[in-house]
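Q: here's my sequence, what's the structure:
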Amino acid sequence: MNEQLQQAHTREAFYRRDRRSVALAREFTRNTLAEWGITDRTDDVLLCVSELATNAILHGVPPGRGYALRLCGHRDGVLRVEVRDSGTGDLRKVNTPYRDLDADSGRGLLLVSVVADKWGVGERAPGKVVWCEFVVGQG
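A: Predicted structure coming up:
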């Protein structure tokens, strides 16, 4: 196993409901991955952070609230990305990536499902957590 994840790591940041926060979330992620020495799959991770943060802003965060981004590096070489929001919503819709390829939008979770090794959604009170995982440190 790569030395970078011999210890478990967790970092978290909170962002307000603002489109500019997506760039801040990517920067936070890029800096965290560099600090942890994770250099493979950076583009995949950043793409998924962008998509999950954008979805939180557009569909999950009520006005006046925000979302949390959590990065967890596990000893087994798995990096987990979680975006937690406090909005309501039908988890079945979130758990099914939109597949209307002729639409102007709605492909974010489809991209996440293709790029990440695993992904899913879970309940929390209030709101939900949408997560994805990547095997890192292999290259």
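Q: going forward, measure contacts and count neighbours with C-alpha atoms only.
A: Fine.
Q: now the strands: where do they sit in this protein?
A: With strands called from DSSP state E, the chain shows them at 9-16, 66-73, 78-85, 118-123, 128-135.
Q: pick the most deeply packed of those strands.
A: strand 78-85 (a mean of 24; mean count of other Cα atoms under 10 Å).
Q: what is it packed up against?
A: Helices and strands touching strand 78-85, by 3 or more Cα pairs under 8 Å, 6 or more residues apart in numbering; DSSP states H and E, are helix 42-55, strand 66-73, strand 128-135.
Q: apply 7 Å and report the result again.
A: strand 66-73, strand 128-135 (3 or more Cα pairs under 7 Å, 6 or more residues apart in numbering; DSSP states H and E).
Q: measure how the first one sits relative to strand 78-85, angle-wise.
A: For the pair strand 66-73 and strand 78-85, the angle between their directions (axes from the mean of the first three to the mean of the last three Cα atoms, to 10 degrees) equals 170 degrees.
Q: burial count for Thr32?
A: Using other Cα atoms under 10 Å, Thr32 has 17 neighbouring residues.
Q: pLDDT at Gln104, what is it?
A: Check again: residue 104 is Asp, not Gln. You'll see Asp104 listed with a pLDDT of 54.
Q: for the closest residue in space to Phe28 that isn't next to it in sequence, list each beta-bridge partner.
A: Leaving aside its sequence neighbours, Phe28 sits nearest to Ala13 (Cα to Cα, 6 or more residues apart in numbering; 7.8 Å). Bridge pairing for Ala13 (DSSP bridges) gives the partners Leu69.
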